[in-house]
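Participant: Got a predicted structure here, sequence first:
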Amino acid sequence: MKSMAGIVVMALVMLTSCGPVPSEEQAQPVAEEHIASQEAALTGDCYVRIECSNGAIKECSGTGFACSASGANNGSVTCNGVTQRCFPILEPVCSCFADGCCNTTCTRLDPDCRLVPQDPL
(Lines give C-alpha, C1' and ligand atoms only; values in the text may rest on other atoms or scores of the structure.)
Protein backbone atom coordinates (compact mmCIF):
# COMPACT_ATOMS: atom_id res chain seq x y z
CA MET A 1 0.00 0.00 0.00
CA LYS A 2 2.88 2.34 0.81
CA SER A 3 4.39 1.76 -2.61
CA MET A 4 1.06 2.53 -4.30
CA ALA A 5 0.75 5.77 -2.30
CA GLY A 6 4.32 6.67 -3.29
CA ILE A 7 3.52 6.16 -6.98
CA VAL A 8 0.42 8.36 -6.70
CA VAL A 9 2.39 11.10 -4.92
CA MET A 10 5.16 10.99 -7.55
CA ALA A 11 2.61 11.17 -10.36
CA LEU A 12 1.02 14.24 -8.76
CA VAL A 13 4.42 15.90 -8.32
CA MET A 14 5.34 15.27 -11.93
CA LEU A 15 2.02 16.60 -13.24
CA THR A 16 2.12 19.80 -11.19
CA SER A 17 5.84 20.51 -11.79
CA CYS A 18 5.21 21.29 -15.46
CA GLY A 19 2.97 24.22 -14.62
CA PRO A 20 -0.73 24.65 -15.08
CA VAL A 21 -2.48 23.03 -17.98
CA PRO A 22 -3.56 25.76 -20.44
CA SER A 23 -7.24 26.44 -20.52
CA GLU A 24 -9.22 25.84 -23.71
CA GLU A 25 -9.44 29.61 -24.37
CA GLN A 26 -5.64 29.97 -24.17
CA ALA A 27 -4.90 27.04 -26.44
CA GLN A 28 -7.47 27.88 -29.14
CA PRO A 29 -5.73 30.90 -30.84
CA VAL A 30 -2.46 28.98 -31.14
CA ALA A 31 -4.27 25.99 -32.58
CA GLU A 32 -6.17 28.19 -35.06
CA GLU A 33 -2.94 29.86 -36.26
CA HIS A 34 -1.32 26.45 -36.69
CA ILE A 35 -4.29 25.12 -38.66
CA ALA A 36 -4.38 28.25 -40.86
CA SER A 37 -0.67 27.97 -41.67
CA GLN A 38 -1.04 24.28 -42.51
CA GLU A 39 -4.03 25.00 -44.75
CA ALA A 40 -2.02 27.69 -46.57
CA ALA A 41 0.82 25.23 -47.08
CA LEU A 42 -1.53 22.57 -48.43
CA THR A 43 -3.32 24.91 -50.84
CA GLY A 44 -0.02 26.36 -52.03
CA ASP A 45 -0.54 29.97 -50.97
CA CYS A 46 2.55 31.87 -52.03
CA TYR A 47 4.11 35.34 -52.10
CA VAL A 48 7.04 36.75 -54.08
CA ARG A 49 8.77 40.13 -53.98
CA ILE A 50 11.69 41.67 -55.86
CA GLU A 51 13.33 45.08 -55.91
CA CYS A 52 13.87 46.54 -59.37
CA SER A 53 17.09 48.32 -60.32
CA ASN A 54 15.32 51.69 -60.04
CA GLY A 55 14.24 50.88 -56.46
CA ALA A 56 10.62 50.04 -57.30
CA ILE A 57 9.14 46.99 -55.56
CA LYS A 58 7.23 44.36 -57.51
CA GLU A 59 5.31 41.85 -55.41
CA CYS A 60 2.33 39.54 -55.65
CA SER A 61 0.61 36.66 -53.88
CA GLY A 62 -1.15 33.66 -55.32
CA THR A 63 -2.53 30.21 -54.70
CA GLY A 64 -1.83 26.74 -55.98
CA PHE A 65 1.96 27.21 -55.83
CA ALA A 66 1.60 29.64 -58.80
CA CYS A 67 4.20 32.26 -57.82
CA SER A 68 7.59 32.89 -59.39
CA ALA A 69 10.20 35.60 -59.64
CA SER A 70 12.80 36.14 -62.33
CA GLY A 71 15.84 38.36 -62.69
CA ALA A 72 15.88 38.06 -66.49
CA ASN A 73 15.04 41.12 -68.62
CA ASN A 74 15.25 43.58 -65.70
CA GLY A 75 13.16 41.31 -63.42
CA SER A 76 9.55 40.28 -62.97
CA VAL A 77 7.15 38.54 -60.60
CA THR A 78 4.29 36.26 -61.68
CA CYS A 79 1.36 35.06 -59.58
CA ASN A 80 -1.57 33.04 -60.93
CA GLY A 81 -0.53 33.92 -64.50
CA VAL A 82 -0.37 37.71 -63.94
CA THR A 83 3.10 39.16 -64.55
CA GLN A 84 4.49 42.44 -63.26
CA ARG A 85 7.75 43.54 -64.87
CA CYS A 86 10.47 45.92 -63.87
CA PHE A 87 11.03 48.39 -66.64
CA PRO A 88 14.51 49.48 -67.71
CA ILE A 89 15.68 52.91 -66.72
CA LEU A 90 15.53 54.92 -69.91
CA GLU A 91 17.67 57.99 -70.17
CA PRO A 92 15.89 60.85 -71.91
CA VAL A 93 16.96 61.37 -75.49
CA CYS A 94 17.65 64.96 -76.42
CA SER A 95 15.74 66.10 -79.45
CA CYS A 96 16.09 69.25 -81.49
CA PHE A 97 12.91 70.62 -79.93
CA ALA A 98 12.20 72.22 -76.56
CA ASP A 99 12.48 69.15 -74.34
CA GLY A 100 14.62 70.48 -71.51
CA CYS A 101 18.01 69.35 -72.84
CA CYS A 102 20.48 70.78 -75.31
CA ASN A 103 21.42 68.65 -78.31
CA THR A 104 24.46 70.25 -79.93
CA THR A 105 24.32 67.95 -82.96
CA CYS A 106 21.09 69.47 -84.28
CA THR A 107 21.40 70.97 -87.77
CA ARG A 108 19.37 73.92 -86.59
CA LEU A 109 19.68 75.51 -83.19
CA ASP A 110 18.02 73.55 -80.38
CA PRO A 111 15.80 76.01 -78.45
CA ASP A 112 17.20 74.52 -75.23
CA CYS A 113 20.75 75.47 -76.26
CA ARG A 114 21.29 79.06 -75.22
CA LEU A 115 24.21 80.86 -73.76
CA VAL A 116 23.95 81.21 -70.03
CA PRO A 117 26.14 84.07 -68.79
CA GLN A 118 28.55 83.10 -66.10
CA ASP A 119 28.00 84.61 -62.67
CA PRO A 120 30.62 87.26 -61.94
CA LEU A 121 33.13 86.18 -59.34
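Facilitator: Nice, I can see it.

Participant: and the gap between the nearest residue to Pro111 once chain neighbours are set aside and Cys106?
Facilitator: Nearest residue to Pro111 in three dimensions, chain neighbours excluded: Ala98, at 4.5 Å (CB to CB, 6 or more residues apart in numbering). All C-beta atoms are positioned from the backbone trio N, CA, C, and that covers glycine. Distance of Ala98 to Cys106, computed by CB to CB, to the nearest Å: 12 Å.

Participant: Who has more neighbours out of the two?
Facilitator: Cys106 (15 against 9; other CB atoms under 10 Å).

Participant: give the contact list for that one.
Facilitator: Cys106 sits next to 96, 113 when contact means CB atoms under 8 Å, 6 or more residues apart in numbering.

Participant: quick one: the residue nearest to Pro111 is in a helix?
Facilitator: No - under DSSP: H, G, I helix; E, B strand; the rest coil, Ala98 sits outside any helix and is assigned coil.

Participant: thought it was touching Arg114?
Facilitator: No - using CB atoms under 8 Å, Ala98 is not in contact with Arg114, being 10.9 Å away.

Participant: My read is that Cys94 contacts Cys101, right?
Facilitator: Yes - counting by CB under 8 Å, Cys94 touches Cys101, with 4.1 Å between them.

Participant: Who has more neighbours out of those two?
Facilitator: Neighbour tally, Cys94 and Cys101, criterion other CB under 10 Å: the higher count belongs to Cys94, 17 against 12.

Participant: which residues are common contacts for Cys94 and Cys101?
Facilitator: Residues touching both Cys94 and Cys101 by CB under 8 Å, 6+ apart: Asp112.
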